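Enquirer: Quick check, what structure comes out for this input:
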Amino acid sequence: MESSKETDVTSRLIIDLILAVLSTLPSICLELFAQPFRRGFFCNDESISYPHLEETVPDWLLVAAGGGIPVAIIIIIEVIIHTNGTKCFNGNRLCGKSVSSLLVSLYCGLGYFLFGLSITQAATNISKYSVGRLRPHFLAVCEPDYSQFNCSGPNNVPRYVNDYVCTGDEKATERARRSHVSGHASTAMYAAVFITMYMYARITWRGSFLLVQTLSSVCMYVAVYTCYTRISDYQHHYDDVLFGGILGTLIAGAMGLQLLNLYRPVHTSPQSHSNPPNEMFQPITGPQTNPAFFSS
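Expert: Residues are numbered from 1 along each chain as shown. Below you'll find the predicted structure:
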């Protein structure tokens, strides 16, 4: 009798996986087949004449901090919730078999986070390849052959050079054509804002009013520091970082609001207020006792 109330989510899971794969296609196609817009420059442009420095936050560290740490936080919190006996998403079946409430909870948290991260990367790369803005260290890595063109126009007015040959490292030069928007800024801010909203939705311990605020502040400190290093390392112009941060924040806000709505507490009876005051992760569910996540 109970199985008749369960919802088979196989087809919907397949659709979600297809959509998740599709969300990665813009980034993959741009990386494999596209070239950034080729922009010229003025020889006396000081904004692209900075030295090429080592990155304070390299790509691998961004992936570890912006992707790995939020994933680990979500897994730890959901396991603790499940261990405490809170089962928010019962009543789902996959290929005819009941799905663990823990797996569905992880699917919700990780699914929203990773899908939003993929959208952030796609939007960032579309901007990078379409705009083709030169990084502050462009001339240092391009090393243009100045003998091939004249920097001065009539009346010694600086000339815009569009036809030039770079003699520097080809990969570094191609990367230096993708300044706007900052991928580090968009990724760092997305991760910080999303995980902050996630913790507000899932951690409801009454033993401290400042626990979530402290944890979210640490996340924001790391994200903001990452943004600042992109300017001090001469990897991006300040507005590249600004717009990258705004982009990541907006996408995280959109995904986070969906997550908050999913975990929205709806009190329908006095029992809904009976959570122990010292329970760190309280059950937050909808109006049903054991709601199926994928309701028909």
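Enquirer: Am I right that A191 is in contact with V63?
Expert: No - with contact defined as CB atoms under 8 Å, A191 does not reach V63; the gap is 10.4 Å. The C-beta positions use only the backbone N, C-alpha and C, and glycine is treated the same way.
Enquirer: who has more neighbours, those two?
Expert: A191 (29 against 11; other CB atoms under 10 Å).
Enquirer: what about the helices in this structure?
Expert: 10-33, 59-63, 69-83, 101-131, 138-142, 170-175, 183-202, 211-232, 238-262 (DSSP state H).
Enquirer: Throw those helices into CSV and include distance to P154 and mean pLDDT, thanks.
Expert: Listed next are those as CSV, based on distance: least, CB to CB, whole Å; pLDDT from 0 to 100:
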stretch, distance to P154, mean pLDDT
helix 10-33, 39, 91
helix 59-63, 44, 95
helix 69-83, 56, 91
helix 101-131, 29, 92
helix 138-142, 23, 96
helix 170-175, 30, 94
helix 183-202, 40, 95
helix 211-232, 36, 95
helix 238-262, 31, 94
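Enquirer: Of all these, which one is nearest R159?
Expert: Smallest distance to R159 across the helices of the chain (CB to CB): 15.1 Å, for helix 138-142.
Enquirer: Name all residues that make contact with the residue nearest the centre of the chain.
Expert: The centroid of the chain falls nearest to L117 when counting by CA atoms, centre = their mean (3.6 Å). Contact analysis of L117 by CB atoms under 8 Å, 6 or more residues apart in numbering lists G66, G67, T187, Y190, A191.
Enquirer: do the same with R39
Expert: Here R39 is in contact with G132, R133, L134, R177 (criterion: CB under 8 Å, 6+ apart).
Enquirer: From G40, how far out is the residue lying farthest from the centre of the chain?
Expert: Outermost residue of the chain with respect to the C-alpha centroid, by CA atoms, centre = their mean, is N155; its distance is 49.1 Å. Applying CB to CB, to the nearest Å, the value for N155 to G40 is 20 Å.
Enquirer: cool, G116 as well?
Expert: G116 is 36 Å from G40, by CB to CB.
Enquirer: Looking at these two, which has the bigger crowd around it?
Expert: Neighbours per residue (other CB under 10 Å) separate G116 from G40, with G116 holding more: 24 against 12.
Enquirer: G253 is in contact with that one, correct?
Expert: No - in terms of CB under 8 Å, G116 does not count as a neighbour of G253; the distance is 9.7 Å.
Enquirer: if we can go back for a sec, any chance of the helices of the chain in TSV, plus distance to S49?
Expert: Converted to TSV, the helices of the chain look like this (distance: least, CB to CB, whole Å):
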stretch	distance to S49
helix 10-33	28
helix 59-63	24
helix 69-83	36
helix 101-131	20
helix 138-142	5
helix 170-175	15
helix 183-202	22
helix 211-232	15
helix 238-262	16
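Enquirer: could you measure the residue lying closest to L242 once chain neighbours are set aside against Q235, distance?
Expert: The spatially closest residue to L242, leaving aside those adjacent along the chain, is A185, at 7.8 Å (CB to CB, 6 or more residues apart in numbering). Distance, A185 to Q235, using CB to CB: 10 Å.
Enquirer: S217 too?
Expert: Following CB to CB, the distance that separates S217 from Q235 is 25 Å.
Enquirer: Repeat that for F37.
Expert: 19 Å.
Enquirer: circling back: closest to R206 among the contacts of R39?
Expert: Nearest to R206 among the contacts of R39, with distances taken as CB to CB, is R133, at 48.8 Å.
Enquirer: In contact with the closest one: list those residues for me.
Expert: For R133, counting by CB under 8 Å, 6+ apart, the contacting residues are R39, R177, R178, S179, H180, H237, D240.
Enquirer: hmm, 6 Å instead?
Expert: The neighbours of R133, taking CB atoms under 6 Å, 6 or more residues apart in numbering as the test, are S179, H180.
Enquirer: on that earlier part again, which one of S217 and Q235 has more residues nearby?
Expert: Q235 (25 against 13).
Enquirer: Which phi and psi values does that one adopt?
Expert: phi -90, psi -30 (degrees, to the nearest 10).
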